[in-house]
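A.B. asks: curious how this folds, go ahead:
(4 chains)
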Number of protein chains: 2
Amino acid sequence: MGRPGSVRTATKLHGMPKEAQPRECSIADTLDLVGERWSLLVIRELSHGVRRFDGIVLNTGASRDILTARLRKLEAAGIIRRERYSDHPVRFEYHLTPAGVELCDVLITLMRWGDRHLHPDDPPVRWQHSCGEVLDAMVICRHCGGEARVGAHSPTGRGVKAGNTPHMETAE
Amino acid sequence: MGRPGSVRTATKLHGMPKEAQPRECSIADTLDLVGERWSLLVIRELSHGVRRFDGIVLNTGASRDILTARLRKLEAAGIIRRERYSDHPVRFEYHLTPAGVELCDVLITLMRWGDRHLHPDDPPVRWQHSCGEVLDAMVICRHCGGEARVGAHSPTGRGVKAGNTPHMETAE
DNA sequence: CAAGAGGGTTGGAGTTTCCAACTAACCCAA
DNA sequence: TTGGGTTAGTTGGAAACTCCAACCCTCTTG
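C.D. replies: Numbers count the residues shown, from 1 in each chain, chains lettered A, B, ... in the order given. Model prediction:
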């Protein structure tokens, strides 16, 4: 797990392999924690109120051994918490931590994309927002309230590298 | 790729394996398209304006064969478009389609989570929103404008199953 | 003509994942 | 007490996926 390389000795044989230098990036770092198969579905289940091992197996379709590994990793990352709810037959259930609850923003945007592009007429699940309406989510800029969308902005910071931005359109 | 099962014949030997019945869900369906390793980083690169094969290899760290496979799959899904920009040395570059641009919402929420939880003091990349401020994203309900967050809502629809919601808290 | 650049393929090794069965610890019912 | 059921995992072996480095082919440039 985790990306391997960092500083490899450039062997350079017939055409300088041109060392990969992955961009520093919170997207990649977050995906290192929750980007493996099943992890986000585990979080989906916890957000649906399913907290037990067998329930998660049943609703996701993950195999039990992999699920065990994912739960351990999410716990180590502070995204879920394992709680003993019975002592004598020792039994546990899983809960989202506050950091885990914040990941639901990712689930919501994934769901919205899938609803729009894969199930335009019949979303399989609808969330009711506290305002009473069916939740239709949108990502905005906290400062101005306008819609946020990457293509329209320009990035700055350590993770931005020079020389590989041939021509900047707003996509399409 | 794609989940296998669907209807398996329940063999039921010593304890009724309790057939997994994965929830119908746009989150899972979207992850089937973009949830494999590297796919979202490819979309990140395109949104940064990097459009060529070698540039994507360099900035993500993906191996070339896997990158080829991901690009083909994203193209088949209508998320990216492959465009010939030179005929004689036949050369291509990749662009986000409108559906691909919409996936940037997912990237933004992943980035925000990583910035908050993994790099609280020094986000590696900052996006400047068109309003001039550094983008600080938030997911809201389009109807009321209030913050959206799954834990606080209740789901309905085909993908919701009875009997596995032991006790519904708002997480934590 | 030799070296790149660009956009891939290919082969083989290494790593993950899947599947189905099995365990252990307890509860209940007959 | 025998038999089952529930819960939370383990385990072993096969299948699938990834990684890496090298190789290919077509231009273009020096």
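
A.B. asks: got phi/psi on A:Pro155?
C.D. replies: Here is the backbone geometry of A:Pro155 (degrees, to the nearest 10): phi -90, psi 150.

A.B. asks: could you pull out the helices for chain A?
C.D. replies: With DSSP state H, the ranges of helices along chain A come out as A:26-34, A:39-47, A:53-60, A:64-76, A:98-117.

A.B. asks: number of residues surrounding A:His117?
C.D. replies: A:His117 sits with 19 neighbouring residues when counted by other C-beta atoms under 10 Å in any protein chain shown. In this view, the C-beta of every residue, glycine as well, is placed from N, C-alpha and C.

A.B. asks: got it, and A:Ala99?
C.D. replies: Neighbourhood size, A:Ala99 [other C-beta under 10 Å]: 17.

A.B. asks: equivalent analysis for A:Val106, please.
C.D. replies: A:Val106: 24 neighbours (other C-beta under 10 Å).

A.B. asks: go ahead and confirm it touches B:Thr109.
C.D. replies: Yes. Taking contacts as C-beta atoms under 8 Å, A:Val106 lies within contact range of B:Thr109: 4.7 Å.

A.B. asks: and the helices of chain A: which comes nearest DNA strand C?
C.D. replies: Nearest of the helices of chain A to DNA strand C, taken as C-beta to the nearest atom of the strand: helix A:64-76 at 3.9 Å.

A.B. asks: and for the residue positioned nearest the centre of chain A, nearest residue in space, chain neighbours not counted?
C.D. replies: Nearest to the mean C-alpha position of chain A, counting by C-alpha atoms, centre = their mean, stands A:Val34 at 5.1 Å. Of all residues not flanking A:Val34 in the chain, A:Leu40 sits nearest, at 5.8 Å (C-beta to C-beta, 6 or more residues apart in numbering or on different chains).

A.B. asks: run through the residues that contact that neighbour.
C.D. replies: A:34, A:103, A:106-107, A:110, B:27, B:31, B:35 (C-beta atoms under 8 Å, 6 or more residues apart in numbering or on different chains).

A.B. asks: most neighbours out of these, which is it?
C.D. replies: Of all these, the most densely surrounded is A:Leu103 (28 neighbours; neighbours counted as other C-beta under 10 Å).

A.B. asks: got the contact list for it?
C.D. replies: A:34, A:40, A:43, A:79, A:96, B:113.

A.B. asks: so what's the closest residue to A:Ser26 other than its chain neighbours up against?
C.D. replies: Excluding the flanking residues, the one nearest A:Ser26 by C-beta to C-beta, 6+ apart is B:Gly114, at 2.9 Å. Residues near B:Gly114 by C-beta under 8 Å, 6+ apart: A:25-27, A:29-30.
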